[in-house]
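Chemist: Provided below are the primary sequence and the corresponding predicted coordinates.
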Amino acid sequence: MSQNVDKIKDHFQLFQEPEYQEMFERKREFEGGPSKEEIERVKEWTKTWEYREKNFAREALTINPAKACQPLGAIFAAAGFEGTLPFVHGSQGCVAYFRSHLTRNYKEPFQAVSSSMTEDAAVFGGLKNMTDGLANSYSLYKPKMIALCTTCMAEVIGDDLGSFITTSKNQGAVPEDFPVPFAHTPSFVGSHITGYDNMLKGILVALTPGKKKGVTNGKINFIPGFDPYIGNIRDLKDILSVMDVPSTILADNAESFDSPNLGEFKMYNGGTTLEEGADSINAKATISFQKYSTPKTLEYLEQEGGQTTLTYRPIGIRGTDEFLMGLSELTGKAIPEELE
């Protein structure tokens, strides 16, 4: 099965080699797979009118959508805050996947670090990995905040993030007053939208204590949710500008994943400032654009901020009209002609 480095074969050609064909035959025998004749028969049947009519006769269709795990949503939310470095407590391979996934999708270099847990940490716990990782991240990458989440490995062995962060600060890994919000994001529970919600709530829990005032700041919080199309955030900003609505966008990653080409690498781009995140507890209300991506965050803002929370889906004419009319009613601002 070896290849010549001077002439690498395409996978289709490579799999026709005798060694692979023999391996496939053994695999088919072991798994009790259908014969080649049966495979060919079904293949030809899928080209017939009988097969076509069976497909057109369907009255219901169930699709199992592709589902990413919690840490992906967590680091996506973290990337929406100013100077924030996502830190994944777990194996290095997991965070490498998340980085490559977001980098390839947005064609932008995306930064996230890992505590790089190995077999030793899986047995004895990952405290040392986290302490060293926080110290290295703080000194090397100069973030304003490190947002920490977990992978399966850390969750299975039961690492306590809150306790670990406190211990790391006591050992001088990062300053005592340096914000290190965290969220437990086991990959075997929920999905990327669950992780988004957990991380966003974790960030607000870290930034807002002691910031609650007796009066509102007159702003409206807007939570995009796990929305990979960052053009929606820019459209939202245009609407808010035209209507003159004071606002805070929680997890504003429009520039994080679409940075300007200045000719040199800049590690952190845009994002909701930490001051705005802290002051979001004093907003008049919070509007979320994804009901199932933000339940815990909305509950926190309701209970701790005493805010009205609303959910709109401004998709299509009807959904956009409902959002604009609701926003007008909430703020008392008229809908400008250019938005009608």
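Modeler: Great, that's in hand.

Chemist: show me what contacts the residue nearest to the spatial centre of the chain?
Modeler: In the chain, the C-alpha nearest the mean C-alpha coordinate belongs to G73, at 2.0 Å (C-alpha atoms, centre = their mean). Shown in contact with G73 (C-beta atoms under 8 Å, 6 or more residues apart in numbering): 185, 191-199, 226, 293. Quick note: C-beta positions are derived from backbone N, CA and C, even for glycine.

Chemist: chain center to the strand or helix carrying it, what's the gap?
Modeler: Following DSSP states H and E, one finds G73 within helix 70-78. Using C-alpha atoms, centre = their mean, to the nearest Å, the distance from the centre of helix 70-78 to the centre of the chain it belongs to is 3 Å.

Chemist: how about the strands in the chain?
Modeler: Using DSSP state E, the strands of the chain run over 84-89, 113-114, 145-150, 182-183, 220-223, 247-249, 285-288, 308-311.

Chemist: buried stuff in stretch 207-227?
Modeler: If you call a residue buried by 16 or more other C-beta atoms under 10 Å, then stretch 207-227 has these buried ones: 207-208, 211, 219-227.

Chemist: swap in stretch 110-121?
Modeler: 110-117, 121.

Chemist: Stretch 147-166 now?
Modeler: With burial defined by 16+ other C-beta under 10 Å, the residues of stretch 147-166 counted as buried are 147-155, 159, 161, 164-165.

Chemist: Same check on stretch 77-95?
Modeler: 77-91, 94-95.

Chemist: residues in contact with I203?
Modeler: Residues near I203 by C-beta under 8 Å, 6+ apart: 77-78, 81, 145, 147, 181, 277.

Chemist: before we move on, what about I239?
Modeler: By C-beta under 8 Å, 6+ apart, the contact set of I239 is 324, 327, 339.

Chemist: my read: the second one touches I287, true?
Modeler: The one in question is L327. Yes - between L327 and I287 there is a contact at 7.5 Å, judged by C-beta atoms under 8 Å.

Chemist: what's the overlap in contacts for those two?
Modeler: Residues touching both L327 and I287 (C-beta under 8 Å, 6+ apart): I220.

Chemist: If you count neighbours, what's buried in the worst-scoring helix or strand of the chain on mean pLDDT?
Modeler: One helix or strand of the chain scores below all others by mean pLDDT, DSSP states H and E: helix 11-14, with a mean of 74. Neighbour counts over helix 11-14 (16+ other C-beta under 10 Å) mark no residue as buried.

Chemist: packing partners for that helix?
Modeler: Based on contacts counted as 3 or more C-beta pairs under 8 Å, 6 or more residues apart in numbering; DSSP states H and E, there is no element that helix 11-14 packs against.

Chemist: Convert the C-alpha atoms of it to CSV, please.
Modeler: In CSV, the C-alpha atoms belonging to helix 11-14 read as follows (Å, rounded to 0.1, in the frame of the first residue of the first chain):
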residue,chain,number,x,y,z
HIS,A,11,-7.5,8.1,-3.8
PHE,A,12,-9.8,6.7,-6.5
GLN,A,13,-6.8,5.1,-8.3
LEU,A,14,-5.1,4.1,-5.0
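
Chemist: how much distance is there from it to the middle of the chain?
Modeler: Centre to centre, stretch against its chain (C-alpha atoms, centre = their mean), the figure for helix 11-14 is 35 Å.

Chemist: repeat for stretch 193-205
Modeler: Relative to the centre of its chain, stretch 193-205 is centred 10 Å away, using C-alpha atoms, centre = their mean.

Chemist: Please apply the same query to stretch 49-58.
Modeler: How far stretch 49-58 lies from its chain's middle: 39 Å, per C-alpha atoms, centre = their mean.

Chemist: Report the mean per-residue pLDDT for it.
Modeler: The pLDDT scores in stretch 49-58 average 88.

Chemist: List the buried residues of that stretch.
Modeler: Neighbour counts over stretch 49-58 (16+ other C-beta under 10 Å) mark no residue as buried.

Chemist: Extract the C-alpha trace of that stretch and format it as PDB.
Modeler: Taking Å, rounded to 0.1, in the frame of the first residue of the first chain, the C-alpha atoms of stretch 49-58 are listed here in PDB:
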ATOM      1  CA  TRP A  49     -38.900   4.800 -13.200                       C
ATOM      2  CA  GLU A  50     -40.100   2.500 -10.400                       C
ATOM      3  CA  TYR A  51     -37.500   4.000  -8.000                       C
ATOM      4  CA  ARG A  52     -38.400   7.500  -9.300                       C
ATOM      5  CA  GLU A  53     -42.100   7.000  -8.600                       C
ATOM      6  CA  LYS A  54     -41.400   5.700  -5.100                       C
ATOM      7  CA  ASN A  55     -39.400   8.800  -4.300                       C
ATOM      8  CA  PHE A  56     -42.100  11.200  -5.600                       C
ATOM      9  CA  ALA A  57     -44.700   9.300  -3.700                       C
ATOM     10  CA  ARG A  58     -43.200  10.300  -0.300                       C
END
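
Chemist: Make a markdown table out of the buried residues of stretch 207-227 and add distance to Q303.
Modeler: Converted to a markdown table, those look like this (distance: C-beta to C-beta, whole Å):
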| residue | distance to Q303 |
| --- | --- |
| L207 | 16 |
| T208 | 12 |
| K211 | 15 |
| K219 | 19 |
| I220 | 18 |
| N221 | 15 |
| F222 | 19 |
| I223 | 16 |
| P224 | 22 |
| G225 | 20 |
| F226 | 23 |
| D227 | 25 |
